[in-house]
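Trainee: Got a predicted structure here, sequence first:
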Amino acid sequence: MNNITNPEKSGYLFLIFIFIISLYTGFTNLDYFDNSFSAEDGPVEWITAIMLFLISVLSIYHLFTFWGYKKVSWKLGTILFILLFFFAAGEEISWGQRIFGVESGEFFQQNNAQGETNLHNLVVGETKLNKIIFSQLLMVVMVLYLIVSPLLYRKTDWFKNLANQFAVPIVKWHHTIAFIISTLLIVINPSRRKWEVYELAFGVIFFLIFLNPLNKGIFEKKKS
């Protein structure tokens, strides 16, 4: 296993702290967990949004820092991550709707499960988009990214070259282990809003991956 850096240690200690609070309150005070700790606009949701936004900011830093050293494909991959995580951060807090007291338009009032201005709570027929994309599809993507991609990166040159070409950070095994442990700790929590904490763990671990990936050479000043 690769050496764990100090920022990664700090990130994992933070997650341990979060899981201690979530499990304790989940088993002893569900009202506090559901209506304060993991509530809409609560600390868990805000920390998640901040972590996702920081990944976008970190990717912006990478884009401008290494612009003159990288090919178009690397820049396109980085721009995609900037947009993806900025979008995810905005969706997490419904684009600041509740902060600024903005009322949802008629479309979102009628087609959003929470009546908010975001896409992940849209209802298609009788099925929430969140269940289709952010639960089922995202889980498949996570398995491929966290387990399959590091294996392919180590074993095949074509995948290694492809990942490096498009600036895709490859996870280290301790990142994968952290996700597995997080999943197990989430499953045993009895709260209906436990998945909010899972999203927070997602944000923290992905920030650590982008900060120090296995293929950290993609974030170095060399022609690629």
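Mentor: Arrived safely. Numbering: from 1, shown residues only.
Trainee: Can you name the next helix or strand after the helix or strand bottoming out on mean pLDDT in the chain?
Mentor: The weakest-scoring helix or strand in the chain, judged by mean pLDDT, DSSP states H and E, is helix 129-131 (a mean of 60). Counting by DSSP states H and E, the element after helix 129-131 in chain order, helix or strand, is helix 138-143.
Trainee: If you average the pLDDT over the helix or strand following that next one, what comes out?
Mentor: As assigned by DSSP H and E, the chain's next helix or strand after helix 138-143 is helix 149-155. Across helix 149-155, pLDDT averages out at 96.
Trainee: now swap in stretch 77-93 and tell me
Mentor: 92.
Trainee: export it as CSV, just CAs?
Mentor: Once non-C-alpha atoms are left out, stretch 77-93 reads as follows in CSV (Å, rounded to 0.1, in the frame of the first residue of the first chain):
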residue,chain,number,x,y,z
GLY,A,77,-10.5,16.0,-19.0
THR,A,78,-9.7,18.6,-16.4
ILE,A,79,-12.4,21.0,-17.6
LEU,A,80,-14.9,18.1,-17.4
PHE,A,81,-14.0,17.5,-13.7
ILE,A,82,-14.3,21.2,-13.0
LEU,A,83,-17.8,21.3,-14.4
LEU,A,84,-18.8,18.0,-12.9
PHE,A,85,-17.9,18.8,-9.3
PHE,A,86,-19.1,22.4,-9.5
PHE,A,87,-22.4,21.0,-10.7
ALA,A,88,-22.5,18.4,-7.9
ALA,A,89,-21.7,21.1,-5.3
GLY,A,90,-24.5,23.3,-6.6
GLU,A,91,-27.0,20.4,-6.7
GLU,A,92,-26.1,19.5,-3.1
ILE,A,93,-27.4,22.9,-1.8
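Trainee: quick one: that stretch to chain centroid distance?
Mentor: 10 Å (CA atoms, centre = their mean, to the nearest Å).
Trainee: Repeat that for stretch 174-194.
Mentor: 14 Å.
Trainee: Would you map the strands across this structure?
Mentor: Assigned by DSSP state E, the strands in the chain fall at 123-124, 127-128.
Trainee: Contacts only, for the residue positioned nearest the centre of the chain.
Mentor: Closest to where the C-alpha atoms of the chain average out (CA atoms, centre = their mean) is G203, at 3.6 Å. The neighbours of G203, taking CB atoms under 8 Å, 6 or more residues apart in numbering as the test, are 47-52, 55. C-beta coordinates here come from the backbone N, C-alpha and C atoms, glycine included.
Trainee: need those residues in JSON lines with neighbour count and pLDDT, can you?
Mentor: Converted to JSON lines, the contacts of G203 look like this (neighbours: other CB atoms under 10 Å; pLDDT from 0 to 100):
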{"residue": "I47", "neighbour count": "18", "pLDDT": "95"}
{"residue": "T48", "neighbour count": "24", "pLDDT": "94"}
{"residue": "A49", "neighbour count": "22", "pLDDT": "93"}
{"residue": "I50", "neighbour count": "15", "pLDDT": "95"}
{"residue": "M51", "neighbour count": "25", "pLDDT": "96"}
{"residue": "L52", "neighbour count": "27", "pLDDT": "96"}
{"residue": "I55", "neighbour count": "24", "pLDDT": "97"}
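Trainee: so T176 sits right up against L146, yeah?
Mentor: Yes - T176 is within contact range of L146, at 4.7 Å (criterion: CB atoms under 8 Å).
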